[in-house]
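Colleague: Pasted the sequence and its predicted model underneath.
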Amino acid sequence: MDVVHAAEVNTWPHIPRIRAHCLVEMTLDRCVQKLRKRLSDQSHLAHEAALKNLKNSYNNLNRLNGSSNSSDSNNRYQQYRDMFKRDSFYTTQSLVNLSG
């Protein structure tokens, strides 16, 4: 019983410092989560804009070439879209939501 009491007496003076360290850690975790979410959202918007530009380019090429076969153009567009449809390690939804 004396050992437990001695441990309590020696631990209590350090509780405010431990609490402060935990608050700093939790604040940093929230900041990192917000930044990752913002990066993910920006990356997604940029990706969608690039895909829209790619599709418009294919449509314009078809019009210039007088091609009536839009399925070939759509197939090539789908291939390119799938090729660039890769999530970054830092922006995957599972990692964005990891700390919250």
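Modeller: Ah, there it is.

Colleague: show me where this structure has strands.
Modeller: For the chain, no strands are identified by DSSP state E.

Colleague: Could you tell me which ranges of it sit under the pLDDT cut-off?
Modeller: Scanning the chain for pLDDT under 70 picks out 66-100.

Colleague: longest helix of it?
Modeller: Identified as the longest helix of the chain according to DSSP state H is helix 15-65.

Colleague: elements contacting it?
Modeller: Secondary-structure packing of helix 15-65 (3 or more C-beta pairs under 8 Å, 6 or more residues apart in numbering; DSSP states H and E): helix 70-83, helix 93-96. (C-beta placed from N, C-alpha, C; glycine too.)

Colleague: CA atoms only for stretch 56-64 - export them in CSV, please.
Modeller: Output of stretch 56-64 as CSV, limited to C-alpha atoms (Å, rounded to 0.1, in the frame of the first residue of the first chain):
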residue,chain,number,x,y,z
ASN,A,56,-13.9,18.3,-74.3
SER,A,57,-10.7,17.9,-76.2
TYR,A,58,-11.9,14.5,-77.5
ASN,A,59,-15.2,16.0,-78.5
ASN,A,60,-13.5,18.9,-80.3
LEU,A,61,-11.2,16.5,-82.2
ASN,A,62,-14.2,14.4,-83.3
ARG,A,63,-15.9,17.5,-84.6
LEU,A,64,-12.8,18.7,-86.4
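
Colleague: buried set for it?
Modeller: Going by neighbour count (16 or more other C-beta atoms under 10 Å), the buried part of stretch 56-64 is 58, 62.

Colleague: Tell me how far residue 11 lies from residue 22.
Modeller: Residue 11 is 15 Å from residue 22, where distance means C-beta to C-beta, to the nearest Å.

Colleague: Residue 59 too?
Modeller: From residue 59 to residue 22 the distance is 55 Å (C-beta to C-beta).

Colleague: what do you get for residue 49?
Modeller: 41 Å.

Colleague: Please apply the same query to residue 50.
Modeller: For residue 50 relative to residue 22 (C-beta to C-beta), the value is 42 Å.
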